[in-house]
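J.: sequence? don't have it. structure:
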C-alpha cells in the first residue's frame, strides 16, 4: 500500500469516528432535553383548600377578645372573619366599630366578657352591660342588615378559677348577657354544653383559652343555630 492510500484510509477512519461521536452526543442531548410537548408548560400551584367552616362563615365576623381570636390563631377561620384581640372588653371593642363597618358582614357573633369580669370597678357586670348595649346599638345603626348573636362567656377550669376567684361570676354574667339579648331582640347562644362532662382536654394549659378542637365544636354548634 502506497503512502497516499495509507493517508486516505487514516483520514476516512478519523471522519467515521468523529461522526459516531457526534451521533452519541446528539442522542444524549435529546434525552436530557424536555420534549416539545412539555416545553412551555407551567405546573399549577394550588392554594390552601377552603374548609367547610370557612365557606359557611365567609360572610360572618366573630367580634371579641382573645378567646375569639383563637379562631384565626388556630387557622379555623380566616383573619378577615375574625376581629378580636387580647384584653378586649365591651368598652374597648367600641374602638373597632369602624373596621367592623368596613367589613360589612351579614352575621356578627360577639364573644366578649372574659376580661370584662376582671375589670377593676365596683360592679363589673353592670359596667360591661352598659357598654355592651352601646356596642349593639351602634351595630344596629351602622350595619342594620347584620344579624347579631351574643355568645356566652366560656367557663374556665377549676384550677383557673382557684387562681382567679372572679371567674366564679361567669354564670351570673351570662345571665345578664341572655337578658340583654332578649331585650335587644338578638340571638344568644350558650357555649357551655361544649365543655360539659369535664372536657378539660379542650383547654390550653392556662385553663382559660382553648385548643383548635374547641373551635370546631363551637362552629358546629353555631351552624345548627343559624341554619
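T.: Noted; the coordinates are in hand. Treat the numbers as computed from the prediction; the structure is a model and nothing was measured. Numbers count the residues shown, from 1 in each chain.

J.: which parts of this protein are strands?
T.: 60-64, 82-84, 107-111, 147-151, 187-189 (DSSP state E).

J.: most tightly surrounded among those strands?
T.: Among those, strand 60-64 has the highest mean neighbour count (mean count of other Cβ atoms under 10 Å), at a mean of 26. Bear in mind the C-beta positions are built from the backbone N, C-alpha and C, glycine included.

J.: what sits up against that strand?
T.: With contacts defined as Cβ atoms under 8 Å, 6 or more residues apart in numbering, strand 60-64 is touched by 68, 71, 77, 81-84, 88, 93, 96, 100, 103, 105-112, 151.

J.: likewise for stretch 204-215?
T.: The contact list for stretch 204-215 (Cβ under 8 Å, 6+ apart) reads 66-67, 70-71, 74-77, 114, 154, 156-160, 194-195, 200-203.

J.: just the buried ones from these?
T.: Neighbour-count burial (16 or more other Cβ atoms under 10 Å) applied to the contacts of stretch 204-215 gives 66-67, 70-71, 76-77, 114, 154, 156-157, 194-195, 202-203.

J.: where does this structure dip in pLDDT?
T.: Within the chain, the set of residues satisfying pLDDT under 70 comprises 1-49, 198, 227.

J.: and the strands of the chain: which comes nearest residue 216?
T.: Among the strands of the chain, strand 60-64 comes nearest to residue 216, with 13.9 Å by Cβ to Cβ.

J.: quickly run through the sheet partners of the closest one, with directions.
T.: Looking at strand 60-64 with DSSP bridges, its partner strands are strand 82-84 (parallel), strand 107-111 (parallel).

J.: can you redo these as a markdown table with distance to residue 55?
T.: A markdown table is the format used below for the strands paired with strand 60-64 (distance: least, Cβ to Cβ, whole Å):
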| stretch | distance to residue 55 |
| --- | --- |
| strand 82-84 | 15 |
| strand 107-111 | 14 |
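
J.: what segments of this protein are helices?
T.: 3-32, 52-56, 66-73, 90-93, 97-103, 124-142, 158-163, 170-184, 212-226 (DSSP state H).

J.: dump the ones you listed to JSON lines, plus distance to residue 118.
T.: Output for the helices of the chain, formatted as JSON lines (distance: least, Cβ to Cβ, whole Å):
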{"stretch": "helix 3-32", "distance to residue 118": "69"}
{"stretch": "helix 52-56", "distance to residue 118": "30"}
{"stretch": "helix 66-73", "distance to residue 118": "12"}
{"stretch": "helix 90-93", "distance to residue 118": "13"}
{"stretch": "helix 97-103", "distance to residue 118": "23"}
{"stretch": "helix 124-142", "distance to residue 118": "7"}
{"stretch": "helix 158-163", "distance to residue 118": "12"}
{"stretch": "helix 170-184", "distance to residue 118": "11"}
{"stretch": "helix 212-226", "distance to residue 118": "21"}
